[in-house]
Every structure is written in structure tokens, then in C-alpha cells.
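Student: model the structure of this input:
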Amino acid sequence: MYWQWIIIIAVVNFCTHAGSLITSKLFEIRYINLERQPQKRINIESELGRVFDGYVAKRVEAVDGISLSHSWMADRCMAVMAEFDDPNIVGTEYRSDHPMKWGEVACFLSHYQIWTEMAAKRLELVLILEDDTQFILKDEEFDLHNFHYDLNATIEEFIFHQGELLYLGRCRIGEDIKWKSSKYLVRPGFSFCTHAYMLTLEGARKLISTDILSRIIPVDEYLPLMYGQNPHFDIGWWWGQHKKNETSLKVFAAKWTLAQQYSRPERRVYIEGEMDRVFPGVPRKRVPAVDALDLSADKLIKMGASVMKYYLNPPHDNRPMKWGEVGCFLSHYQIWTEMAEKSLEMVLILEDDVKFVIEWEQFDIDNFHYDLNATIDEFIRHRGELL
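Tutor: Numbers count the residues shown, from 1 in each chain. Have a look, this model is predicted:
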């Protein structure tokens with residue numbers, strides 16, 4: 001059946017123009033979105049309409065980390081890997097014990113439900129997206145055709161080599177595997193990010209064939225484990241040498257990144273637009289965030305700072321802080337310091353993903369301003385210090 005499918009695709013491509021895989025709709029699209037993130041749903045649907053006009057993409061409701069608990073997991077015979085180590089944490093050592101966050105568990109389960117659907121419905125090829133994906137098109141009118149051409153050629157080559165998972169975008173951490181010359185593909189080394197990838201039916205079957213639900217790890221770690229390029233885990237040790245070949249995924253990555261996650265510059269454009277919408281003409285100041293990538297234990301010492309050694313993070317105990325959390329704290333701290341130094345009486349502090357709740361622009365903006373003004377008046381009257 002699989003070879004018949006490949007032959008059909010080859011014939012279609014021979015008889016039609018570049019882009020036939022897209023125009024013939026020979027793959028399905030799924031995007032993951034939280035119920036409480038309607039704006040992200042709007043964003044990804046707009047992005048899909050821009051790039052895959054006419055395609056019907058199916059929304060997959062994301063598992064919400066807020067709803068998870070140890071009892072919820074136990075009732076479904078699931079568990080996280082208790083001894084999971086995360087390298088992206090604060091500390092002088094590269095590795096340290098770090099139980100998974102519920103958000104990481106939910107992200108894994110959100111992807112897992114798509115893999116299960118593929119196996120149950122025998123879906124041959126699916127493009128799986130997270131809702132912050134952006135396709136890389138530099139010039140709308142000219143570049144859309146080029147994008148379709150490159151995507152089509154990349155998928156064709158992926159199918160020709162009997163691939164099972166194809167990264168359209170990723171965070172490359174390890175060196176790519178040396179492989180014969182290919183125009184559109186590389187064999188990826190250790191890579192993170194699961195915002196945009198294509199998966200075949202055979203790949204989905206392999207991903208759900210393991211006992212991963214009894215020792216869940218982040219999906220970013222699981223995929224490279226499954227193609228033998230995760231330095232933290234060995235697939236032979238994980239499931240035994242006897243299952244190494246039957247579980248190992250054949251993975252490729254697009255040589256040129258075709259999809260990325262919304263970057264910080266785009267978030268700046270977003271928050272500026274949101275401020276213009278709600279507070280037109282009101283002066284505002286951008287504060288450069290402290291970048292977690294620039295932090296280290298030595299830098300904190302030079303700053304005369306340190307993190308709480310035994311920080312408790314519910315629902316997990318003794319979970320060291322991540323550098324991103326430290327960077328977020330320091331970003332806010334620099335604003336508090338500026339306020340004290342400049343004797344600023346009151347400041348509205350926003351992060352760059354804020355959305356003000358205004359449902360009907362024409363009518364509701366006045367109501368919003370009225371409610372905000374009344375709320376601040378009452379806050380001042382009660383001599384509040386943080387609102």
C-alpha cells in the first residue's frame with residue numbers, strides 16, 4: 001500500500017507542474033491550539049490561509065497543563081520520567097534533576113493524540129503545526145510560488161528516500177549527520193522544536209509503539225531519541241537493543257528552514273500594534289528583556305545576585321529555576337529600579353504577548369477605557385501599590 005502511494009505521487013508530479021503535492025492536497029494539516037488561546041488560533045488560521053489557500057486544516061485542541069495532575073495521569077496509566085534531567089536549568093553543572101513541568105507534559109500529549117489519530121485513521125502523511133508557526137515568505141507575491149516549489153520538492157525527496165519524519169523548521173543543537181549530497185534535505189543531528197514537521201503513517205506507528213506513556217519526556221527530547229541522535233538517552237538502552245531497529249525513525253530536515261516560530265521582533269510589532277489600538281498617542285517605552293542565553297552562574301555572581309537553591313515549584317518540589325525564569329525576573333526588576341531612581345509615580349508594565357480584552361472595536365473601546373479608568377481611580381483611593 002505504501003509503495004502504491006509513492007508511485008501515485010510520482011506519476012502525479014510527472015504529469016503536473018511544481019507544487020502538485022500542495023495543489024492536489026496529498027497531505028493533511030493539523031494544528032495544535034489551546035482553547036484559552038483564541039488569538040493564536042486566529043493567527044495560525046490566517047497563516048494557513050496565506051500559504052495553503054483552499055486547504056482545510058483541522059484544529060486539534062491542545063491538552064492544557066493547568067488541567068493535569070498526578071492523579072489524572074495515574075487514572076490513565078501514564079507517568080512522567082521521574083529521573084528526567086533538563087540541561088536548560090540554572091546551576092553550574094550542565095545536568096541536574098528537573099521534573100517535567102505540566103506544560104511540557106501537556107505539549108507531549110497534544111502531539112501524541114495526533115500520532116494516535118494518524119494510526120487509527122491510517123492517514124498517510126500529515127503536516128503537524130503548533131499555533132505559533134510562521135512560514136518563511138520574504139515577498140508575498142513573488143515568493144509564494146517559490147515557497148510552494150521548495151516545499152513540494154522537499155516533500156518529494158523525503159518520500160523518495162522513504163522518510164518517516166521531516167522537520168520543516170527546528171532548533172539545530174548537534175551537528176547534522178554526514179550524508180550523501182541532497183538538494184533539499186539533510187539528516188539532522190540533535191534538534192529541538194516541534195512547531196512544524198511532516199509525519200508519515202509508519203512514523204506515527206513507531207512513535208506510539210513504545211512504552212513512552214509510562215515515562216514521558218518532552219516531545220523535543222523524544223523525537224531525537226527515536227532517531228538515535230539524543231545525547232541524553234540511548235535508544236538501545238531505552239527499549240533494548242532488540243527493538244532498536246524496529247523503533248528507530250528515519251528522519252530528515254529541510255535544508256533551508258521553511259517554517260519558524262514567531263520571533264521576538266514579531267512580538268514587538270504585535271505589542272506595538274496592540275498599544276496603538278488601545279492607547280493611541282500615549283507615549284510608551286520599550287525595555288530590552290534580559291536574554292536567558294546571556295546568563296550564567298558567573299554573571300549572576302558578578303551582579304551580586306543568586307537564585308534560591310531549593311526553590312519549590314508546584315507541583316514539583318526542589319526544581320531549580322530555568323534561565324528563562326531568571327531572565328524574566330531581572331527584566332521586571334530593571335523596571336522597578338528605574339521607577340525608584342526616577343521617582344516615577346505609576347507605571348503600566350506589560351510583557352510583549354499581552355492582549356487587551358476588547359471584543360467590539362467600535363463600541364467597546366470606550367467601555368474599556370471607562371472600566372480601566374474607574375479601576376485605577378479606586379486603586380489609588382485605596383492607596384494600592386500593585387494592581
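
Student: any idea which element Tyr197 lies in?
Tutor: Tyr197 belongs to strand 196-200 when assigned by DSSP states H and E.

Student: name the helices or strands packed onto that strand?
Tutor: The helices and strands touching strand 196-200, judged by 3 or more C-beta pairs under 8 Å, 6 or more residues apart in numbering; DSSP states H and E, are helix 102-121, strand 125-130, strand 165-167. Using the backbone N, CA and C atoms, a C-beta is placed for each residue, glycine as well.

Student: right, and the helix or strand after the second one?
Tutor: When you say that, I think you mean strand 125-130. Following strand 125-130 toward the C-terminus (DSSP H and E): strand 133-135.

Student: about what we covered before: tell me which of the helices and strands packed on strand 196-200 sits most buried.
Tutor: strand 165-167 (a mean of 25; mean count of other C-beta atoms under 10 Å).

Student: off-centre distance for stretch 112-129?
Tutor: Remark: stretch 112-129 is offset 18 Å from the chain centroid, using C-alpha atoms, centre = their mean, to the nearest Å.

Student: need the distance between the two termini of that stretch.
Tutor: Distance across stretch 112-129, first residue to last, is 13 Å (C-alpha to C-alpha, to the nearest Å).

Student: list the contacts of it.
Tutor: The set of residues external to stretch 112-129 that reach it, using C-beta atoms under 8 Å, 6 or more residues apart in numbering, is 2, 5, 26-32, 44, 48, 57, 60, 63, 111, 155, 168, 194-201, 204-205, 207-208, 212-213, 219, 259.

Student: nearest to Ile271, out of the helices and strands packed on strand 196-200?
Tutor: strand 125-130 (20.5 Å; C-beta to C-beta).

Student: who does the closest one pair up with?
Tutor: strand 28-33 (parallel), strand 196-200 (antiparallel) (DSSP bridges).

Student: now do that strand and helix 102-121, the angle between them.
Tutor: If you take axes from the mean of the first three to the mean of the last three C-alpha atoms, to 10 degrees, strand 125-130 sits at 160 degrees to helix 102-121.

Student: quick revisit: mind putting the strands paired with strand 125-130 into CSV with mean neighbour count, distance to Leu386 and mean pLDDT?
Tutor: Below are these laid out as CSV (neighbours: other C-beta atoms under 10 Å; distance: least, C-beta to C-beta, whole Å; pLDDT from 0 to 100):
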stretch, mean neighbour count, distance to Leu386, mean pLDDT
strand 28-33, 21, 32, 95
strand 196-200, 25, 39, 96
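
Student: what about those strands, which gets the closest to Ile376?
Tutor: strand 28-33 (33.3 Å).

Student: list the buried residues of the helix or strand following the closest one.
Tutor: Sequence order places helix 38-51 as the next helix or strand after strand 28-33, per DSSP H and E. Neighbour-count burial for helix 38-51 flags Lys40, Asn43, Ile44, Glu47, Leu48, Val51 (criterion: 16 or more other C-beta atoms under 10 Å).

Student: try stretch 64-73
Tutor: For stretch 64-73, burial by neighbour count (16+ other C-beta under 10 Å) applies to Asp64, Gly65, Leu68, Met73.

Student: which one of the residues you listed is nearest to Leu185?
Tutor: Gly65 (34.0 Å).

Student: Val354 versus the nearest residue to Thr375 once chain neighbours are set aside, what's the distance?
Tutor: Spatially, and ignoring its direct neighbours in sequence, Thr375 is nearest to Leu387 (7.3 Å; C-beta to C-beta, 6 or more residues apart in numbering). Applying C-beta to C-beta, to the nearest Å, the value for Leu387 to Val354 is 15 Å.

Student: check Phe252 too.
Tutor: For Phe252, the distance to Val354 equals 38 Å [C-beta to C-beta].

Student: can you pull the buried residues of the strand or helix carrying Thr375?
Tutor: According to DSSP H and E, Thr375 maps onto helix 361-381. For helix 361-381, the neighbour count (16+ other C-beta under 10 Å) marks no residue as buried.

Student: and if you look at stretch 322-342?
Tutor: Quick answer for stretch 322-342 (16+ other C-beta under 10 Å): Lys322, Trp323, Gly324, Glu325, Val326, Gly327, Cys328, Leu330, Ser331.

Student: just the ones of those residues in helices?
Tutor: Trp323, Gly324, Glu325, Val326, Gly327, Cys328, Leu330, Ser331 (DSSP state H).

Student: got the residues you listed as JSON lines, with distance to Arg286 and pLDDT columns?
Tutor: Converted to JSON lines, these look like this (distance: C-beta to C-beta, whole Å; pLDDT from 0 to 100):
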{"residue": "Trp323", "distance to Arg286": "22", "pLDDT": "70"}
{"residue": "Gly324", "distance to Arg286": "19", "pLDDT": "73"}
{"residue": "Glu325", "distance to Arg286": "21", "pLDDT": "78"}
{"residue": "Val326", "distance to Arg286": "21", "pLDDT": "81"}
{"residue": "Gly327", "distance to Arg286": "16", "pLDDT": "79"}
{"residue": "Cys328", "distance to Arg286": "16", "pLDDT": "84"}
{"residue": "Leu330", "distance to Arg286": "16", "pLDDT": "86"}
{"residue": "Ser331", "distance to Arg286": "11", "pLDDT": "87"}
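
Student: now those residues in TSV, with distance to Val282?
Tutor: Shown next, in TSV, are these (distance: C-beta to C-beta, whole Å):
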residue	distance to Val282
Trp323	33
Gly324	30
Glu325	30
Val326	31
Gly327	27
Cys328	25
Leu330	26
Ser331	21
